[in-house]
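> Sharing a model that was predicted from the sequence below.
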Amino acid sequence: MKSYKILVVDDSKLARMAVAKLLEALHPEWTCIEAASAEEALALLTQKEADLVVVDFNMPGRDGLDLASEFRERMPAMPVALISANHQQEIVDRTHAVGAAFLPKPLTKQALEEFLVGAVQRLKAAGA
Amino acid sequence: MNEFLELFLVEGRELVEQATSDLLMLEADPSDPGRLDSVFRAFHTLKGGAGIVNFPSMSRAMHAAEDILSAVRAGDRRVTQALIGNCLTCLDQVVMWLDTIQDSGDLPAGTEADVDDIVARFTADSVFAHDTKVEAVALASAASALVPTSSIAVLKEQISILAASGDGAEGRLASAGRLAANVLRHLARDNEAEQVERALLQSQTSGGATHLTAAIERAIEQITQPAPSNAVEVPAPQVAPTLRTLRVATERVNDLVNVTGELIVAKNAVGHIAKLASETNNTLAAAIRDEHARLDHLIESLQSAVRAMRVLPLRVVFQRFSRLVREMSESLSKPVRLITEGEETEADKAIVEMLFEPLLHVVRNAMDHGVEPPEQRVAAGKPGLATLSLRARRDGEHVVVECEDDGSGIDVDKIRKVAAERRLVSLDMLSAMSDREVINLIFLPGFSTARDITDVSGRGVGMGAVRTAVERLRGRVLVETRLGKGSMVRFILPFSVMMTRILMVEIGQQIFGIPLDAVVETVCIRREQIHPIGSGHAFVLRNLTIPLIEWVWTLGRGGEQALADATVVVVASGGQLVGLQVDRLAMTMDVMLRPPGGLLSGVPGIAGTAMLGDGSVLLVLNVQDVLQ
């Protein structure tokens, strides 16, 4: 079973821990790296490379949507998901518009799994 | 408690602190969008956290706040004092929940009613906000382009209306009051509006227009002032250097401090050996001396570095006062602005934490008794808005913290009178005392000149408790005052603090301290286990024969000694074990050890003294000396 590397971006350590825990339950063999801000996330990606990213919408400075759209532009092969407690249609639409998946907060195992299944398929199709 | 709840608590408290500070700054500058964003995000993150730990009540409460703040961001609502107040109250509730979780390890039960309360507040505020909009529109169309100067004219008109005599006084009262309040709300002066409404009620009850007239006059004065009243003034925002920080449990830092303390003791021992070696012309003397010097230097560096870890900026204490002063200002109806200076000044964690309570007492005193009611201030030619300053600065090995008010100052004659009445000082002594000495009488325990115990201060705990708390940590507190101009309380505190842990024991009805690092164990031995050896006694503990020192003899306090069961503290010194008999064991505590001074400096057996919470002085024993 291939082990992927997933980057979790959220300024709240509690929220990162929650995602990491869900990931552990779904894919214990995967690696999870964490970033607390957009800057940190970009820095990590240039060094360590991740296969997929999960970003929180609500962050100080650069928000998650902005970051997600940059990811989609620079690394189109990398699946991106945006997590937000704002489930307004406008946010969902904007997320899809940049080519990212929308995951509602509080994040459930099922929602994360759906995203991961789709993401892995895409990665495999691209030969990753 | 699971790790999620623990992290929830830590992050929750940080978010509350951040949001509180942002809310107060937002109140001072409602047009700051960055600040508004920051507040919104704090509530949003708190909501998210509540979802993760499965605390739906809190999510609901946070959501209510979020909705209101969303509306403000969208431009549908204004930042009002009521809104800030509701947000702060909401945060208070969060802190209470966090405390409950911390104590019980679990989410609090029965929180729905509290949440309903919070939601209701936000809703009520929004209903009112709509009314204000409507009335403001009506006023505008009625009086064509309401501008502050014409608002003042309208307010002044109400005063003349109220002054009129004749029939219809009740009607005039009601309409003048309501109109004045509406004008003030339209100018976003909610505080003044509320005061006018309260005054209206008072006038309606008393039947005279005086309260209302006075309130409207006060409001006019306040809105014509350059600085807004009840605002929290903060010095120009400084860009704090971004520090890379690490979160470390306090206990770990304390452990490090303790080990460093013991290293110092060991280093000193080596120093003695170095001296002995050179005195006995030992060939190794020079080498030992050199290495000791190097060790000395390194350990001093270690000590400084460790002390620096425990250091916190005074901002940690000062920022708690922004909110307090704001609330006291409201509840006392005395406009006060808080100015802080030097908040980045640092001091040891123990000092910073200790400082809050005494400073709280001083601030309460200043606001309750120092600052005069606004009418009185204006009558005396002072600005209606009082100023309270909190300042901190480093002065060599000390940190100086000052709390200054521009209130009425301390009436020295009144102090003389109270001191005489309560027989705190004899009349002879009192007449011989200078004003400066009389002012220091306020530090006597039980001294309080509060005429009435308001709910803000005046519990009679007094400056005595403040002085004790400060002296426990080797600090000093002084008061300066000028009648009619104001008072200043100055705290002179040590920059760093090293605490010693001691075991308190009772011997011959007196309490002593034994440094805990000398204590091996405490045992209870039965009289059958005590055997005479030579001129003394000993007992056996796990195959070791340990000499027993009946302390009462050593200290010269004993009477006829009856062999009985003994409570023994076994101490180690230089590889030797000795049992010290005591009457009773008491608790262990951390104290600031002062080296013995004055009369005590020549007395063997005393390591130093420490001041206890009640102001009494504890003798701490030097185990090594005692063993000779």
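Structure's in. What do you need?

> what sits against the residue in chain B positioned nearest to chain A?
Of all residues in chain B, B:Gly51 sits closest to chain A, at 3.8 Å by C-beta to the nearest C-beta. Quick note: C-beta positions are derived from backbone N, CA and C, even for glycine. Contact analysis of B:Gly51 by C-beta atoms under 8 Å, 6 or more residues apart in numbering or on different chains lists A:85, A:105-106, B:59.

> Can you say which two of these are spatially most distant?
Greatest spatial distance among these (C-beta to C-beta): A:Lys105 and B:Ser59, at 10.3 Å.

> Please, which helix or strand holds B:Ile101?
For B:Ile101, the host element (DSSP states H and E) is helix B:81-104.

> Could you see whether chain A lies near that helix?
No: using C-beta under 8 Å from any C-beta of the partner chain, helix B:81-104 never reaches chain A; the gap is at least 12.8 Å.

> can you list contacts of that helix?
Looking at helix B:81-104 with C-beta under 8 Å, 6+ apart, the contacting residues turn out to be B:1, B:5, B:8-9, B:12-13, B:16, B:19-20, B:23-24, B:26-27, B:39, B:43, B:46, B:55, B:58, B:61-62, B:64-65, B:68-69, B:72, B:77, B:107-108, B:111, B:114, B:118, B:121-122, B:125, B:128, B:190-191, B:230, B:323.

> now swap in stretch A:66-84 and tell me
Under C-beta under 8 Å, 6+ apart, the answer for stretch A:66-84 is A:9-10, A:15, A:19, A:38, A:41-42, A:45, A:50-59, A:64-65, A:91, A:95, A:98-105, A:107, A:115, A:118-119, A:122-123, A:126, A:128.

> How far does it stretch from one end to the other?
The first and final residues of stretch A:66-84 sit 13 Å from each other (C-alpha to C-alpha, to the nearest Å).

> Go through that stretch and flag the buried ones.
Across stretch A:66-84, burial judged by 16 or more other C-beta atoms under 10 Å in any protein chain shown covers A:67-72, A:78-84.

> so can I have JSON lines of those residues showing secondary structure and pLDDT?
Conversion of those to JSON lines gives the following (DSSP: H, G, I helix; E, B strand; the rest coil; pLDDT from 0 to 100):
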{"residue": "A:Leu67", "secondary structure": "helix", "pLDDT": "93"}
{"residue": "A:Ala68", "secondary structure": "helix", "pLDDT": "93"}
{"residue": "A:Ser69", "secondary structure": "helix", "pLDDT": "92"}
{"residue": "A:Glu70", "secondary structure": "helix", "pLDDT": "92"}
{"residue": "A:Phe71", "secondary structure": "helix", "pLDDT": "92"}
{"residue": "A:Arg72", "secondary structure": "helix", "pLDDT": "92"}
{"residue": "A:Met78", "secondary structure": "coil", "pLDDT": "92"}
{"residue": "A:Pro79", "secondary structure": "coil", "pLDDT": "94"}
{"residue": "A:Val80", "secondary structure": "strand", "pLDDT": "95"}
{"residue": "A:Ala81", "secondary structure": "strand", "pLDDT": "96"}
{"residue": "A:Leu82", "secondary structure": "strand", "pLDDT": "96"}
{"residue": "A:Ile83", "secondary structure": "strand", "pLDDT": "95"}
{"residue": "A:Ser84", "secondary structure": "strand", "pLDDT": "92"}
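
> Give the bridge partners for the residue nearest to the spatial centre of chain A, please.
Nearest to the mean C-alpha position of chain A, counting by C-alpha atoms, centre = their mean, stands A:Val54 at 1.1 Å. Taking DSSP bridges as the rule, A:Val54 bridges to A:Val8, A:Ala81.

> The residue nearest to A:Val120 when sequence neighbours are not counted: neighbour count?
By the measure of C-beta to C-beta, 6 or more residues apart in numbering or on different chains, the closest residue to A:Val120 outside its immediate chain neighbours is A:Tyr4, 7.1 Å from it. The number of residues packed near A:Tyr4 is 19, by other C-beta atoms under 10 Å in any protein chain shown.

> Per-residue pLDDT of A:Tyr4, please?
Here the pLDDT value assigned to A:Tyr4 is 92.

> residues from the stretch 1-150 of chain B in reach of chain A?
The stretch 1-150 of chain B has residues B:3-4, B:7-8, B:11, B:37-38, B:41, B:44-45, B:47-49, B:51-53 near chain A, with proximity defined as C-beta under 8 Å from any C-beta.

> Using neighbour counts, trim those residues to the buried set.
Buried among the residues of the stretch 1-150 of chain B next to chain A by 16+ other C-beta under 10 Å: B:4, B:7-8, B:11, B:38, B:41, B:44-45, B:47-49, B:51-53.

> which ones among those residues are found in strands?
Among those, no residue falls in strands (DSSP state E).

> B:Ser31: neighbour count?
8.

> State which helix of chain A is the longest.
For chain A, the helix that runs over the most residues, judged by DSSP state H, is helix A:109-125.

> quick one: contacts of that helix?
Contacts of helix A:109-125 (C-beta under 8 Å, 6+ apart): A:4, A:19, A:22-23, A:25-27, A:51-52, A:54, A:77, A:79, A:81, A:101, A:103-104.

> got a pLDDT number for residue 111?
Went with chain A since none was named. As predicted, A:Ala111 sits at a pLDDT of 93.

> I was thinking of chain B, sorry if that wasn't clear
For B:Thr111, the model assigns a pLDDT of 81.
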